[in-house]
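Q: the following comprises the amino acid sequence and a computationally predicted model.
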Amino acid sequence: MPKEYPASPKAQQLQESKKQRLTYILVVTALCIAFYVLGAWQNTTLPKPVGNSADITRVGCDPTTATAQSSGSGSVPSFGPGSGEALDFDAHHRLTINDTDAGAGLQPFPACSLNFSEYTPCEDRTRGRRFDRTMLVYRERHCPGKDEQIRCLIPAPPGYMTPFKWPKSRDYAYFNNIPHKELSIEKAVQNWIQVEGDKFRFPGGGTMFPRGADAYIDDINKLISLSDGTIRTAVDTGCGVASWGAYLLKRNIIAMSFAPRDTHEAQVQFALERGVPAIIGVMGKHRLPYPSRAFDMAHCSRCLIPWYEHDGLYLAEVDRILRPGGYWILSGPPINWKTYYKGWERTKDDLKQEQGKIEDVARSLCWKKVVEKRDLAIWQKPKNHLECANIKKTYKTPHICKSDNPDAAWYRQMEACVTPLPEVSNQGEVAGGAVEKWPERAFKVPPRIRRGMIPGLDAKKFDEDSKLWEKRVAYYKRIIPIAENRYRNVMDMNANMGGFAASLVKYPVWVMNVVPVNSDRDTLGAIYERGFIGTYQDWCEAFSTYPRTYDLLHADNLFSIYQDRCDITDILLEMDRILRPEGTAIIRDTVDVLTKVQAITKRMRWESRIMDHEDGPFNPEKVLMAVKTYWTAKASEEQN
């Protein structure tokens, strides 16, 4: 075949054809990219929140009285038809999820009767009577079996109103929200709570702080520093209405306050209504649902716990959850017994012996008594256990715990033993690693992660997670009024490393960080090392709180964890129980899961909308934003 030269007509024709083909490809490619970018921009446009909570549909109440029943404080986002078209995935996804109500269609759940208004499924007093009264077992968690579970919506009491905003809520609450006068009568002398017209007022009093919780905390501050950022997390055993925790907040100390559901009705409910962290709980036979080395300070003000009994079992549990170098504070019997023994109706010898036994248990735990002054006694846990071996030669009980996971706390029985601390190389080293002072500690890599104690997590992943949650919360702020003091009590139902809580520290909220016991890794210890509080929980069971105690619930891939373990309908009904009327839920998961979740929320009288992921519409994960509508029990309904 003859050779074609560049100057030949045939070669020029071939080159021209190639140029035309290349130009065509470039034009088509440019058009595709342009339409792709345009489509992505249109689909990521977000709805603006509605400025008035009256725009939310109110269900089950007279429209003429709905406005009077709700205070309408703050703006509540609406995700109904007025805010734009809802994303539609219903016709394209068919995933089977464990839901026994799948055949029930869209029939709404009925409202429970008014006597369920304060229903706490796992702390039901009627069920508790079946259990042993020794060591308060009957007041521990006892959840209903399948045959006892209810599937109805817990009603708010007639006249329920949106709680006061923080910080006013610390001192005031609406009477109709928690219609109980018992504490104002029983604790009138101690000044816990007072009734003033249609409101409760909380003067900040307590059994052992007649001058008020603020003055009492000032007395503690004179003995150990509460203001330099060293102490951040605290636990208050037998908290009453949590005034101690309420007044610690202005000192940047956050307390996990707990009390049982007992004859002093609704103590924890009052605390949460005030916007103060609290949970239903008791020191019985089981460990408290917190990891080891969690709290910088523990407190008991006449909490009536027999600290020295059962070979020091209860103090050994405090030792487990107390950080190395942490403090235990005791006021009330038997401290300062020479002054108070007549009022306590006990003999001097009896009280003297009790204090001696407590002192012995504290020494056997290797604690050092820091000070005793008037009504306060303070002990300190050692930074490490290098010297503890010598002390244990003298004190045989409680013994050193053996072959135990100190963080295992979900339905794990307490043991009268000393929880061993991580090994150290010198006496000045903090076992397990020192934490930064607050607030720097919230953003530093926690020792448990820095030291590789949590499989699969390291400093790099921690930093990536922190940046991720800053981005996500910035996205949330464009949709819901996080920065407008609309929310106070927040729960992260699957907290991971606590990144969501860390990204909210600039706002007037506190976060209950929940680590499901079914998670791949236990991160709750690291969350406490960051200076936040939280608890373990199995979401196949109810949470230990009263109804209507949280303003915002956040669930990140929670339903993917539980879809094969239990019925997601029950989890959503539990979320409805603990969420306040007009409260918000943010649920992140795959489209398949969220479409199922949304169908159930419609039956719960929630307004909801599925939104795009913060990275755009092409991410398979989506975000469901929902608002619980306002409705109450009928005023004429009688309690059964």
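A: Nice, I can see it. Numbers count the residues shown, from 1 in each chain.
Q: give the rounded mean pLDDT of stretch 499-507.
A: Stretch 499-507 shows a mean pLDDT of 98.
Q: any idea which helix or strand carries residue 179?
A: Residue 179 belongs to no helix or strand when elements are defined using DSSP states H and E.
Q: so what's it closest to, chain neighbours aside?
A: Ranked by CB to CB, 6 or more residues apart in numbering and with sequence neighbours excluded, the top spatial neighbour of residue 179 is residue 157, at 6.2 Å. No exception for glycine: its C-beta is placed from N, CA and C like everyone else's.
Q: residue 228 too?
A: Sequence neighbours aside, residue 437 is the residue nearest to residue 228 in space, at 6.7 Å (criterion: CB to CB, 6+ apart).
Q: and the gap between that neighbour and residue 149?
A: According to CB to CB, to the nearest Å, residue 437 and residue 149 sit 46 Å apart.
Q: list the residues that contact the most centrally placed residue in the chain.
A: Most central residue of the chain, judged by C-alpha distance to the mean C-alpha position with CA atoms, centre = their mean, is residue 512 at 1.6 Å. Going by CB atoms under 8 Å, 6 or more residues apart in numbering, residue 512 touches 277, 279, 489-492, 533-535, 550.
Q: bridged to it, which residues?
A: According to DSSP bridges, the residues that bridge with residue 512 are residue 491, residue 533.
Q: check contacts around the residue nearest to residue 228.
A: Applying CB under 8 Å, 6+ apart, one finds that residue 437 lies in contact with 228-230.
Q: for PyMOL, what selects the buried ones among those?
A: For selection in PyMOL, the members of the contacts of residue 437 meeting the burial criterion (16 or more other CB atoms under 10 Å) are listed in this command:
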select buried, resi 229+230
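Q: the domain parsing of the protein - what is it?
A: When the chain is parsed with the TED database, its domains come out as 114-148, 212-394, 440-628.
Q: I'd like the ones you listed written out as a markdown table, with distance to residue 23 added.
A: Formatted as a markdown table, the entries for the domains of the chain read as follows, by distance: least, CB to CB, whole Å:
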| stretch | distance to residue 23 |
| --- | --- |
| domain 114-148 | 70 |
| domain 212-394 | 65 |
| domain 440-628 | 29 |
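Q: which strand or helix spans the residue nearest to residue 228?
A: Under the assignment here (DSSP H and E), residue 437 is part of no helix and no strand.
Q: phi, psi for it please.
A: Recorded main-chain torsions at residue 437 are phi -70, psi 150, according to degrees, to the nearest 10.
Q: try the one 5 residues further on
A: Listed backbone geometry of residue 442 is phi -70, psi -20, with angles given as degrees, to the nearest 10.
Q: that one contacts residue 528, doesn't it?
A: No - in this structure residue 442 lies outside contact range of residue 528 using CB atoms under 8 Å: 11.5 Å.
Q: of those two, who's got more company?
A: Of the pair residue 442 and residue 528, residue 528 is the one with more neighbours under other CB atoms under 10 Å, namely 28 against 18.
Q: that one belongs to a strand, doesn't it?
A: No - for residue 528, which was evaluated using DSSP: H, G, I helix; E, B strand; the rest coil, the result is helix, with no strand membership.
Q: next one, pLDDT for it please.
A: Note for residue 528: predicted pLDDT of 98.
Q: cool, the one 10 residues further on as well?
A: If you check residue 538, the pLDDT there is 98.
Q: next one: the residue nearest to it when sequence neighbours are not counted from residue 540, what distance?
A: Computed as CB to CB, 6+ apart, the closest residue to residue 538 that is not its neighbour in sequence is residue 517, at 4.9 Å. Distance from residue 517 to residue 540, counting by CB to CB: 10 Å.
Q: next one: residue 607
A: 27 Å.
Q: just the helices in the stretch 251-400 of the chain please.
A: Across the stretch 251-400 of the chain, reading from the start of the chain, the helices by DSSP state H, counting those that start in this stretch fall at 267-273, 309-321, 337-340, 348-364, 388-394.
Q: what angle do the longest one and helix 309-321 make?
A: Put simply, helix 348-364 runs at 40 degrees to helix 309-321, going by axes from the mean of the first three to the mean of the last three CA atoms, to 10 degrees.
Q: for the stretch 501-640 of the chain, give me the ranges with low pLDDT.
A: Applying pLDDT under 70 to the stretch 501-640 of the chain picks out residues 636-640.
Q: ok, which of the domains of the chain comes nearest residue 180?
A: Nearest to residue 180 among the domains of the chain is domain 212-394; the distance by CB to CB comes to 4.9 Å.
Q: centre of the chain to stretch 556-566, how far?
A: Counting by CA atoms, centre = their mean, to the nearest Å, stretch 556-566 is centred 18 Å from the centre of its parent chain.
Q: list the buried residues of it.
A: Using 16+ other CB under 10 Å as the test for burial, stretch 556-566 gives 556-563.
Q: cool, and stretch 494-508?
A: Neighbour-count burial for stretch 494-508, with 16+ other CB under 10 Å as criterion, is recorded at 494-505, 507.
Q: quick check: end-to-end length of that stretch?
A: Taking CA to CA, to the nearest Å, the span from the opening residue of stretch 494-508 to its closing residue is 21 Å.
Q: now swap in stretch 253-268 and tell me
A: The first and last residues of stretch 253-268 sit 19 Å apart, counting by CA to CA.
Q: out of the buried residues of stretch 556-566, who's nearest residue 601?
A: Each of the buried residues of stretch 556-566 was checked against residue 601 using CB to CB; the closest is residue 559, at 11.8 Å.
Q: beyond the lengthiest strand in the chain, next helix or strand please.
A: Under DSSP state E, the strand in the chain containing the largest number of residues is strand 579-590. If you walk from strand 579-590 toward the C-terminus, the next helix or strand you reach (DSSP H and E) is helix 591-603.
Q: put the alpha carbons of that next one into PDB.
A: Extracted C-alpha coordinates of helix 591-603, given in PDB (Å, rounded to 0.1, in the frame of the first residue of the first chain):
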ATOM      1  CA  VAL A 591     -32.800   5.800  53.100                       C
ATOM      2  CA  ASP A 592     -34.200   2.300  53.500                       C
ATOM      3  CA  VAL A 593     -34.300   2.600  57.300                       C
ATOM      4  CA  LEU A 594     -35.500   6.200  57.400                       C
ATOM      5  CA  THR A 595     -38.500   5.600  55.100                       C
ATOM      6  CA  LYS A 596     -39.600   2.900  57.500                       C
ATOM      7  CA  VAL A 597     -39.000   5.200  60.500                       C
ATOM      8  CA  GLN A 598     -40.900   8.000  58.900                       C
ATOM      9  CA  ALA A 599     -43.900   5.800  58.400                       C
ATOM     10  CA  ILE A 600     -44.000   5.000  62.100                       C
ATOM     11  CA  THR A 601     -43.500   8.600  63.200                       C
ATOM     12  CA  LYS A 602     -46.600   9.600  61.200                       C
ATOM     13  CA  ARG A 603     -48.600   7.300  63.400                       C
END
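Q: now that helix: buried residues?
A: For helix 591-603, burial by neighbour count (16+ other CB under 10 Å) applies to 591-601, 603.
Q: with distance to residue 422 added, can I get those residues in a markdown table?
A: Below are the buried residues of helix 591-603 laid out as a markdown table (distance: CB to CB, whole Å):
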| residue | distance to residue 422 |
| --- | --- |
| 591 | 43 |
| 592 | 43 |
| 593 | 39 |
| 594 | 41 |
| 595 | 46 |
| 596 | 44 |
| 597 | 41 |
| 598 | 46 |
| 599 | 48 |
| 600 | 44 |
| 601 | 44 |
| 603 | 49 |
